[in-house]
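Asks: I would like to see how this sequence folds:
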Amino acid sequence: MLAKLIAYRVTKDSNLIPAQQNNRLIEHLLRLSIDGLCKTIWFLGHCIPELGQYSTGHGKKRPEDVVFEGMVRSAFDMLKTWPDSMGLILERMINKELCPQFSSVAFHYFLRPLDHYMKSSLDSQELGFIGHVYEQSLQQIWLKSGRRNSGSRYEKQLRLEF
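Replies: Next up, the predicted model:
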């Protein structure tokens, strides 16, 4: 599917459009530039699955072929049940790492690598569908925890807490 998306982006040959169940998602992916498609694969296939496993310099080197294949497979597995899959994966990882009772500081610290990548690489109109789902997922996780909203970076409302 990735090869077909890249080939379509280069040639605009409509015969290369992948047939999938989630047509809205395919439409988003078909509109992405090659750079946007690569950033999407990196975020969904590498940044999210390895959340909590980062170390200094992690993710800066080119992945080996086997690692890259796993990353693409992981990204497209997540895309099969998009957007629900992102929320489920994030919730499972947050609860595993932080336990069901987590603080705002721990929550934001744990998600800092994802937030950094979102701000530095995915903060464009082209990739807004990822940022929107990411933010909605975090809001739902936070609300399930029984706390007030954690202060999304996209939310403009002033929030006073006593």
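
Asks: Please save the CA atoms from the lowest-mean-pLDDT helix or strand in the chain in PDB.
Replies: Here the helix or strand of the chain ranked lowest by mean pLDDT, DSSP states H and E is helix 23-31, holding a mean of 78. These are the backbone C-alpha positions of helix 23-31, laid out as PDB (Å, rounded to 0.1, in the frame of the first residue of the first chain):
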ATOM      1  CA  ASN A  23     -12.100   5.600   2.000                       C
ATOM      2  CA  ARG A  24     -11.800   8.900   4.000                       C
ATOM      3  CA  LEU A  25      -8.400   7.800   5.300                       C
ATOM      4  CA  ILE A  26      -7.200   6.900   1.800                       C
ATOM      5  CA  GLU A  27      -8.400  10.300   0.500                       C
ATOM      6  CA  HIS A  28      -6.200  11.900   3.300                       C
ATOM      7  CA  LEU A  29      -3.200   9.800   2.400                       C
ATOM      8  CA  LEU A  30      -3.600  10.400  -1.300                       C
ATOM      9  CA  ARG A  31      -3.400  14.100  -0.700                       C
END
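
Asks: which secondary structure elements does the very next helix or strand once past it contact?
Replies: Moving toward the C-terminus from helix 23-31, the next helix or strand (DSSP states H and E) is helix 34-42. With contacts taken as 3 or more Cβ pairs under 8 Å, 6 or more residues apart in numbering; DSSP states H and E, helix 34-42 sits against helix 2-11, helix 65-80, helix 112-121. Glycine gets a C-beta too; all of them are placed from N, C-alpha and C.

Asks: Mean pLDDT and mean neighbour count added to those helices, as CSV?
Replies: What follows is those, written out as CSV (pLDDT from 0 to 100; neighbours: other Cβ atoms under 10 Å):
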stretch, mean pLDDT, mean neighbour count
helix 2-11, 82, 14
helix 65-80, 87, 15
helix 112-121, 88, 15
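
Asks: Just the buried residues of the least confident helix or strand of the chain, please?
Replies: By neighbour count with 16 or more other Cβ atoms under 10 Å, helix 23-31 contains the buried residues Leu25, Ile26, His28, Leu29, Leu30.

Asks: Gly131 contacts Leu122, correct?
Replies: Yes: counting by Cβ atoms under 8 Å, Gly131 touches Leu122, with 5.8 Å between them.

Asks: contacting residues around the closest residue to Leu2 other than its chain neighbours?
Replies: Using Cβ to Cβ, 6 or more residues apart in numbering and skipping the chain neighbours, the partner closest in space to Leu2 is Val72 (5.5 Å). Going by Cβ atoms under 8 Å, 6 or more residues apart in numbering, Val72 touches Leu2, Ile41, Gly45.
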